[in-house]
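*Asks:* Would you be able to build a 3D model of this:
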Amino acid sequence: MWIGCLAAYYVNVYKIDYIYVIGDDYMERTVVISVRIPRRVKEEIEALGVSIPQFVREAVERELRRRRALEALNWIRENRVEGEEIGFDSLTVIRRMREGR
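*Replies:* Reported below is the predicted structural model:
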């Protein structure tokens, strides 16, 4: 999630680049991405009182995290070693823990 404030900006002949401060001292350059959405979706976002750029930025970052997690899960499934089940019984363990109090 983007945290911080606008630290500096400069104007290039063709575009404006912004440099944001993330956290305490990490600086990251951003790029402009244009997205077309239905007018009703835009109006619903505005009705929530949320900044559209912030809403889109957070949605993109959330989807990126979700896809990375799925990719990691798929890698684990593909690379795990088949073997016997360990026979872990959580019910028995929890009962033992409660009896030990």
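*Asks:* and after the host helix or strand of Ala59, which helix or strand comes next?
*Replies:* Assigning secondary structure by DSSP states H and E places Ala59 in helix 52-79. Downstream of helix 52-79, the next assigned helix or strand under DSSP H and E is helix 90-99.
*Asks:* Please save the CA atoms from that following helix in CSV.
*Replies:* Taking Å, rounded to 0.1, in the frame of the first residue of the first chain, the C-alpha atoms of helix 90-99 are listed here in CSV:
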residue,chain,number,x,y,z
SER,A,90,-5.2,-31.6,16.4
LEU,A,91,-8.1,-32.5,18.7
THR,A,92,-5.9,-34.7,20.9
VAL,A,93,-3.2,-32.0,21.1
ILE,A,94,-5.7,-29.3,22.0
ARG,A,95,-7.2,-31.5,24.8
ARG,A,96,-3.8,-32.3,26.2
MET,A,97,-3.0,-28.6,26.2
ARG,A,98,-6.2,-27.7,28.0
GLU,A,99,-5.7,-30.5,30.6
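*Asks:* so what does that helix touch, helix or strand wise?
*Replies:* Taking 3 or more Cβ pairs under 8 Å, 6 or more residues apart in numbering; DSSP states H and E as contact, there are no helices or strands that helix 90-99 lies on. The C-beta positions use only the backbone N, C-alpha and C, and glycine is treated the same way.
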